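[1] missing the sequence, but the structure's below:
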Ligand SMILES: Cc1cc2nc3c(=O)[nH]c(=O)nc-3n(C[C@H](O)[C@H](O)[C@H](O)COP(=O)(O)O)c2cc1C
């Protein structure tokens, strides 16, 4: 595989401008290691690592280091929701730095404290943004690059198309990564031609042999068409992309009136989000790892359009890299 250097790959020391994005509950350490070993970069999702797959955080990182000597990253969700959560994220960042992790993707909140910690050892921090105003805040916080989460992304989607969000961010002087809608090599090539410094993919990497999600989940991704992907607020309180099935149709896609009221109010919002988060974390863990049941649902983005087989993470990276030759 020929390397395809960009501003992003040079910063983090990898060969292919491809990130396997953090995914709760689909990021297992074996997947992270496989993506990184192939020359792209996998991102650890700390709650997946510990709560879903049962690893001690440091031991989990060490298992990745035993499987590959190449760089991998960590996702830090830095929303200031509670002191105890912040303390937990700080601990994860500290352990990751001690174990040699040098690439962080931050979401929500102000990334400054992560940038400051990482800077002491030459680490690189990218921040998730959905529009220009959040990019300004991230740049004030000192980040080195931006992850542009678009309106076709799996997980929590943004509002703007891949082209529209790049138009808002392109002149800010930082590398911009396209997050969302990339599931096949041709789309990857198109995004790189638009001017992105790399792509972040989630859904494509669920349908790999190294991802420990249940086979039923992987088959649902292969079977789904883009029009089967809907956004629902009923799971986490903010719109999240899922494959429409019997259960989602029963559940509906809008938060109920009480939840909406609570989500609008600053103080109540925290509680409502916590309730949603806890409930959906437990559910997601169960539904992603076990055979399909009547009340199951699966998160995936519209990139399902280009995903037709379960292959190894290395094969994904090779096929995508070849599209840039
Ligand atoms: C099942 C699933 C879970 C996700 N969980 C997270 C997460 O915990 N943290 C995060 O920052 N992004 C999360 N994402 C977003 C991905 O990291 C990535 O940006 C997104 O999947 C890109 O869109 P794609 O699915 O079209 O490739 C998740 C995405 C999926 C599909």
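    Right, received. Where do you want to start? Bear in mind the structure is a predicted one, so any value in this text is a computation, not a measurement.

[2] and the chain, which residues reach the ligand?
    21-24, 26, 45, 75, 107, 128, 153-155, 179-182, 200-204, 299-301, 303 (Cβ under 6 Å from any ligand atom). Heads up, the C-betas are built off the backbone N, CA and C, glycines and all.

[3] In strands, which of these fall?
    Those of the residues of the chain next to the ligand mapping onto strands are 75, 107, 128, 155, 179, 200, 201, per DSSP state E.

[4] check which helix or strand covers residue 148.
    Assigned by DSSP states H and E, residue 148 belongs to strand 145-149.

[5] For that strand, enumerate its sheet partners and note whether each is parallel or antiparallel.
    Sheet pairing of strand 145-149 (DSSP bridges) gives strand 124-129 (parallel), strand 176-179 (parallel).

[6] State the number of residues packed around the nearest residue to residue 32 once chain neighbours are set aside.
    Nearest non-adjacent residue to residue 32, counting by Cβ to Cβ, 6 or more residues apart in numbering: residue 42, 3.2 Å away. Residues near residue 42, counting by other Cβ atoms under 10 Å, number 32.

[7] List the beta-bridge partners for residue 42.
    Going by DSSP bridges, residue 42 forms beta bridges with residue 20.

[8] Just confirm it contacts residue 30, I think it does.
    No: judged on Cβ atoms under 8 Å, residue 42 makes no contact with residue 30 at a distance of 9.5 Å.

[9] hmm, who's touching stretch 215-230?
    For stretch 215-230, the surrounding residues in contact (Cβ atoms under 8 Å, 6 or more residues apart in numbering) are 152, 203, 206-207, 211, 241-245, 248, 253, 287-288, 291-292, 298, 300-302, 304-305, 307-310.

[10] cutoff 7 Å now
    Contacts of stretch 215-230 from elsewhere in the structure, counted by Cβ atoms under 7 Å, 6 or more residues apart in numbering, are 203, 206-207, 241-244, 248, 253, 288, 291-292, 298, 300-302, 304-305, 307-310.

[11] buried residues in that stretch?
    217, 218, 220, 221, 224, 228, 229 (16 or more other Cβ atoms under 10 Å).

[12] Next step: those restricted to helices.
    217, 218, 220, 221 (DSSP state H).

[13] re earlier: restricted to helices, list the contacts of stretch 215-230.
    Using DSSP H, the members of the contacts of stretch 215-230 that fall in helices are 203, 206, 248, 288.

[14] So which of those residues wins on neighbours?
    Going by other Cβ under 10 Å, residue 203 tops those with 31 neighbours.

[15] tell me the contacts of that one?
    Residues in contact with residue 203 (Cβ under 7 Å, 6+ apart) are 154, 183, 221, 300, 301, 303, 304, 307.

[16] for residue 195, same thing?
    Neighbouring residues of residue 195 by Cβ under 7 Å, 6+ apart: 166, 170.

[17] just to revisit the earlier point, for the ones in strands among the residues of the chain next to the ligand, which one is nearest the ligand?
    Set against the ligand, the nearest of those by Cβ to the nearest ligand atom is residue 155 (2.8 Å).

[18] Look up phi and psi at residue 188.
    phi -60, psi -50 (degrees, to the nearest 10).

[19] Show me where this protein dips below the pLDDT cut-off.
    For the chain, applying pLDDT under 70 flags the ranges 80-81, 255-280, 294-295.

[20] Look through the stretch 101-250 of the chain and state the residue closest to the ligand.
    residue 202 (2.1 Å).

[21] is it true that that residue touches residue 25?
    No: between residue 202 and residue 25 there is no contact under Cβ atoms under 7 Å: 12.0 Å.

[22] so how far is residue 39 from the nearest residue to residue 144 once chain neighbours are set aside?
    Nearest residue to residue 144, sequence neighbours excluded (Cβ to Cβ, 6+ apart): residue 124, at 4.8 Å. The spacing between residue 124 and residue 39, counted by Cβ to Cβ, to the nearest Å, is 17 Å.

[23] residues in contact with the closest residue to residue 180 other than its chain neighbours?
    Nearest residue to residue 180 in three dimensions, chain neighbours excluded: residue 153, at 2.7 Å (Cβ to Cβ, 6+ apart). For residue 153, the contacting residues are 179, 180, 181, 241, 301, by Cβ under 7 Å, 6+ apart.

[24] can the residues you listed go into a markdown table with extra columns for neighbour count and distance to residue 101?
    Listed next are these as a markdown table, based on neighbours: other Cβ atoms under 10 Å; distance: Cβ to Cβ, whole Å:
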| residue | neighbour count | distance to residue 101 |
| --- | --- | --- |
| 179 | 32 | 20 |
| 180 | 31 | 24 |
| 181 | 25 | 27 |
| 241 | 25 | 28 |
| 301 | 31 | 26 |
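
[25] which of the residues you listed sit farthest apart?
    179 and 241 (12.0 Å; Cβ to Cβ).

[26] tell me the SS of residue 5?
    For residue 5, the secondary-structure state derived from DSSP: H, G, I helix; E, B strand; the rest coil is coil.

[27] quick one: it and the ligand, what's the gap?
    22 Å (Cβ to the nearest ligand atom, to the nearest Å).

[28] do you know how far that residue is from residue 155?
    Noted for residue 5: a distance of 28 Å to residue 155, by Cβ to Cβ.
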